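Peer 1: Sharing a sequence plus its predicted fold:
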Amino acid sequence: MSAMTPAVFAEHGLSEAEYDKILDILGREPNLTELGVFSVMWSEHCSYKSSKKWLKKLPTEAPWVICGPGENAGVIDIGDGQAAVFKMESHNHPSYIEPYQGAATGVGGILRDVFTMGARPVANMNVLRFGDASHPKTRHLVAGVVSGIGGYGNCVGVPTLGGECAFHGSYDGNILVNAMTVGIADADKIFYSAATGAGNLVVYVGSKTGRDGIHGATMASAEFTENSDEKRPTVQVGDPFTEKLLIEACLELMATDVIVAIQDMGAAGLTSSSFEMASKGGVGVDLNLDQVPAREENMTAYEFLLSESQERMLMVLKPGEEDTARKIFEKWELDFSVVGRLTDTGRMVIREKGEVAADLPIDPLALASPEYDRPWVVAPPPADVCAADVPAPGPIFALLKNLMGSPDLCSKRWIWEQYDHLVMGDTVQRPGGDAAVVRVRDTQKALAITTDCTPRYCLADPVMGGKQAVAETWRNLTAVGAQPLAITDNLNFGNPERPEIMGQFVGAIEGIGAACTVLEVPVVSGNVSLYNETNGEAILPTPAIGAVGLLTDYTQAVGLAFPGDGLAVYLIGETQGHLGQSLYLREIAGREEGKAPPVDLDRERKIGDFVRDEIGRGVITSCHDISDGGLLVALAEMALAANIGITITAGGGSLSDHAWAFGEDQARYLVTAAGKHFVALAEVARVPVTCIGRTGGVALVWGDQTLTLDELRAAHEDWLPDYMAG
Amino acid sequence: MKAKIHVTLKNGVHDPQGQAIGHALESLGFDGVGDVRQGKYIEIDLVDSTEAAAQEKVAAMCRQLLANTVIENYIIEIDG
Amino acid sequence: MKAKIHVTLKNGVHDPQGQAIGHALESLGFDGVGDVRQGKYIEIDLVDSTEAAAQEKVAAMCRQLLANTVIENYIIEIDG
Amino acid sequence: MNSAVIVFPGTNRERDMVLALSAAGARPVEVWHRETRLPAVDLIVIPGGFSYGDYLRAGCMAGHSPIIREVKKQAEAGVHVLGVCNGFQVLTETGLLPGALLRNAHLKFICKDVHLKVENNGTPFLSGYESGAVMSVPVAHHDGNYFADEATLDALDGEGRVAVRYCGPDGTVTRYHNPNGSQRNIAGIYNKRGNILGMMPHPEDAIDKLLGGIGGKPLFDGLAGALGPTS
Ligand SMILES: Nc1ncnc2c1ncn2[C@@H]1O[C@H](COP(=O)(O)OP(=O)(O)O)[C@@H](O)[C@H]1O
Ligand SMILES: [Mg+2]
């Protein structure tokens, strides 16, 4: 009797059309196990069915790109035969349900994507978005997510070097937790996932498989509830200790020459890893589930295939090399089991207790997954906001103090002090600056890493917001003196079946692509997270960007702290006082309105290249890009970092003070410089430069206004700890 | 009045700590060690007068704070 | 056979976790909360045949591994 | 001089430690925890990390590793032993040092620079510092809250066995500068004989001006100077 009713495939998230396609492919009805395999392989998460068409438009190539999107992580050349390997990935929904474990397993998953490719992870980053600070769940979510990220990263011994954290009511019911890992590998020892060589053995290593993370919806079927009185949790629990062992064991094995292909078991576990490996290599696979190490008794084929138990990997070994591999995994006390063999049939045959539990063609499942061209519309552009219509309810420094103590601009020290940002002993620049800088062990080189996105700009203008997100990461890398090389992205949006959301997605990709092209930072990896909504309310469009750059000499990196007293501080770039969508408008005037600030990519490029060159020559001695909150906020951050004040001598001229002080015009930096000729240098390069003041003292001074650093620091540092203390 | 609360992982939820303890016991030479699970044990002094009131209050505490009911179960015992 | 082990901090050893729980319960609006102490609860499946043997074995486990007797006490219960 | 750095499953600061020891000329070799013999060395280091995930209690499972028996033997024979962070936790769990390290009082992992006051520089470990000197080094731990009963604390103080205490930049020891709730602001202690030092902070992560400062460098240079000539 057929079990395949519309209710069953709907519970598996498959549409009727998709089910018909399954019937076409198989020429028969799937059994329930096979249906489960289709459902995860064709899920939005694994198949990118709504986004694929648009992702293809992103620029992914450059001479220094060794491997772009399509593998577990992107790989770029960083010279001397070395490569940087990185990717960002979301764990939004699990982190909302169980913040500690959700965030922790997010870190675990992205670490595996990176060391799977043969890289030793050297840095973690994280992009966090929480609901409004006054929402009753926010505090608990912040506490859980931060300790989960720290709990995992600290234990595996990879420094967590930065990220971002902001609050907005649109995330009340749908927080964002995007984790990024960067690793270092030898450029000629990158490991890929394409399984080749019929007859080669397929090996399972890591933790045992339990019933973790099998989607709740699929539990409705009687077959899977008979042994469980208690609703099975869909939450996975992370085991960072096992992950640490897995990193060491895999890297030790990779130093030998026995691996044909390797892939972590991420979302959709054994299913997606085995199908992807087989499809990429054009082979078939015979898998024997009886050989899969199980944590629980009486697991069904369905459960084995869909389990999302953590800390597991699949590999294909060269013939006769099992013993070499087994010895290494035994040393590290990890499970090691031969679970299958490659074939030349092009089919995945899954056996359990002597019976065939599933028999599926590989390519049609992996490659012929649905692809949708979803309808999209562009929202009409918002009206602009004019500075004259925006109030300045108080002295500028009082407003500055308010902004510096607001949830988005306050110090995030409370977060990053819970992350071990020093382990491995290569941290050149700690969290708190524009970009993290981490030395490449045994070289003079360093990687600079940053993440960014300004969702309020993306909502007002997805194209501009997409450009801005890339431009800001590029600027952050530039500000420490690094040459930006490539980016990874994590595209967090609402329901793509709504044309206005799809319009945001399409616009953001266009903007990201344009910026990547002009700024020469290809996209080498990424992730898409859709359906981030509750009760029909979508999150702000949040295409988070993670960017990686290179410093050939880490001793040339600069920070944002003023390097001393009595130094001229220069503003580089043009100030128009753009208050639309600014934090000033939102925090001080309580309005979320206006156009996003325009991003002129050519100007970004010209100004940024100048700044980077002068950092490299040792002329610029400290640097901070101007972003959220505008000029005075950036200046205040430099002063606080140094504990050195500044007397401001410039002003807005024809601009009103608050527009000059807090406008969020793009392509700007604040710097100090050595030597007397800086202004002349900038003028020769046709880069706009203004001296805005001189460092010294223990306060910010502007005309008759004074704000002591102590007072400013208290506002800036206290908000988050006070908030978390409840 | 004293509440004694046991918070344990639900069946099927991975317990890496328990597993590691089992492993360690084995390598110390203890034989015949099967499954090991680790949970929390919490004691709370209460000024409530009736057992019923205490029971109800502690159940609310468990739901709101002490246990994460997505992955954990709790058992409450009230000592008069 | 199953061993149930409670590991608790000795009197006089400061218990920041228990204290934090007490604090959190108060700020959630629970009143009448006195001292809170947090300990560990460990369950071990054993294949031993006699309760006495199990008891002795588990006591050894506690001394050697499960409890740090500088700061912790333990109580063992064997379920047949 | 020669040194050995013990590596347990889950140790993660062995690379930092090897770097710091190498820079001081202490010729470190890494030793896997299953080894039962140590090479002839002047210094044994148990570095930081999360041995066995810190599951159950920080450092407790590592305390039962085969190599620890050998470490005990060597320590009894007078070889110097340095335990940092997880290494300190292992040393208290094995009873080589008194007391215990509890969860931080604020319950959070803490990673930041702290100041330490050198209370007793009369051992090779701290011979690179003046007595009373203040050094800046980072901490990075979840369980660094030092506990011992009053009698033990009095004995530690009375016998000059408190090596370093958390303090302010000017060396004043106050509750305000205590990052984790440790009793009497204790950050590191010696055994009776003075050949074992356990400390929570990470001198190995403070040996380079451009990477967080050099507050920890004199510790390694001092060790190399004091223990160097003997081998
Ligand atoms: N937004 C994106 N931009 C570029 N590449 C992407 C994006 N989203 C996903 N990719 C790429 O698609 C591939 C599959 O991604 P994903 O399913 O997240 O990988 P995994 O299964 O390793 O978690 C990866 O190579 C990833 O880098
Ligand atoms: Mg992957």
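Peer 2: Yep, that arrived. Ligands and ions are numbered 1, 2, ... in the order given.
Peer 1: mind showing which ranges of chain D have poor pLDDT?
Peer 2: D:229-231 (pLDDT under 70).
Peer 1: Get me the contact residues on it for chain C.
Peer 2: D:56-57, D:60-61, D:64, D:92-93, D:98-100, D:102-107, D:145, D:147-149, D:181 (C-beta under 8 Å from any C-beta of the partner chain). Just so you know, the C-beta spots here come from the backbone N, C-alpha and C atoms, and that holds for glycine as well.
Peer 1: for chain B, same thing?
Peer 2: So chain B meets chain C at B:6-8, B:18, B:21-22, B:24-25, B:28, B:30, B:32-48, B:57, B:60-61, B:64-66 (C-beta under 8 Å from any C-beta).
Peer 1: Buried among the residues of chain D next to chain C? Need that as a selection in PyMOL.
Peer 2: Selecting only the buried entries of the residues of chain D next to chain C in PyMOL, with 16 or more other C-beta atoms under 10 Å in any protein chain shown as the criterion:
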select buried, chain D and resi 56+57+60+61+64+92+93+98+99+100+102+103+104+105+107+145+147+148+149+181
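Peer 1: Let's see which of the residues of chain D next to chain C end up in strands.
Peer 2: D:100, D:102, D:145, D:147 (DSSP state E).
Peer 1: and the last one, what are its bridge partners?
Peer 2: With DSSP bridges as the criterion, the beta-bridge partners of D:F147 are D:A100.
Peer 1: so what's it up against?
Peer 2: C:13-14, C:71, D:99-102, D:182-183 (C-beta atoms under 8 Å, 6 or more residues apart in numbering or on different chains).
Peer 1: How about the first one?
Peer 2: By C-beta under 8 Å, 6+ apart, the residues touching D:A100 are C:68, C:70-71, D:92-93, D:146-148.
Peer 1: need these in JSON lines with distance to ligand 1, can you?
Peer 2: Formatted as JSON lines, the contacts of D:A100 follow (distance: C-beta to the nearest ligand atom, whole Å):
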{"residue": "C:N68", "distance to ligand 1": "40"}
{"residue": "C:V70", "distance to ligand 1": "45"}
{"residue": "C:I71", "distance to ligand 1": "43"}
{"residue": "D:T92", "distance to ligand 1": "41"}
{"residue": "D:E93", "distance to ligand 1": "38"}
{"residue": "D:Y146", "distance to ligand 1": "42"}
{"residue": "D:F147", "distance to ligand 1": "43"}
{"residue": "D:A148", "distance to ligand 1": "48"}
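Peer 1: re earlier: nearest to chain A, of the contacts of D:F147?
Peer 2: D:L101 (15.7 Å; C-beta to the nearest C-beta).
Peer 1: Pull out the buried positions in stretch B:37-51.
Peer 2: So, applying 16+ other C-beta under 10 Å, buried residues of stretch B:37-51: B:37-44, B:46, B:48.
Peer 1: which secondary structure elements does whichever helix or strand A:R139 is part of contact?
Peer 2: In this assignment (DSSP states H and E), A:R139 forms part of helix A:138-156. Judged by 3 or more C-beta pairs under 8 Å, 6 or more residues apart in numbering or on different chains; DSSP states H and E, helix A:138-156 is in contact with helix A:92-97, helix A:99-115, strand A:120-130, strand A:160-167, strand A:176-186, helix A:240-254, helix A:709-724.
Peer 1: is any part of the first one close to chain B?
Peer 2: In this case it means helix A:92-97. Yes. Interface with chain B: helix A:92-97 contributes A:I97 (C-beta under 8 Å from any C-beta).
Peer 1: does that helix come close to ligand 1?
Peer 2: No. Against ligand 1, helix A:92-97 shows no contacts by C-beta under 6 Å from any ligand atom, the least distance being 12.9 Å.
Peer 1: What's the local residue count around residue 209?
Peer 2: Here I'm looking at chain A. The local packing of A:T209 (other C-beta atoms under 10 Å in any protein chain shown) involves 25 other residues.
Peer 1: wrong one, I was asking about chain D
Peer 2: Neighbour count of D:K209, defined by other C-beta under 10 Å: 10.
Peer 1: same deal with the one 3 residues further on?
Peer 2: Neighbours of D:G212 under the rule other C-beta under 10 Å: 22.
Peer 1: Backbone dihedrals for it, both of them.
Peer 2: Phi and psi for D:G212, reported as degrees, to the nearest 10, are phi 100, psi 10.
Peer 1: Report the spatially nearest residue to it, omitting neighbours in sequence.
Peer 2: Spatial nearest neighbour of D:G212, excluding adjacent residues (C-beta to C-beta, 6 or more residues apart in numbering or on different chains): D:A206 at 5.4 Å.
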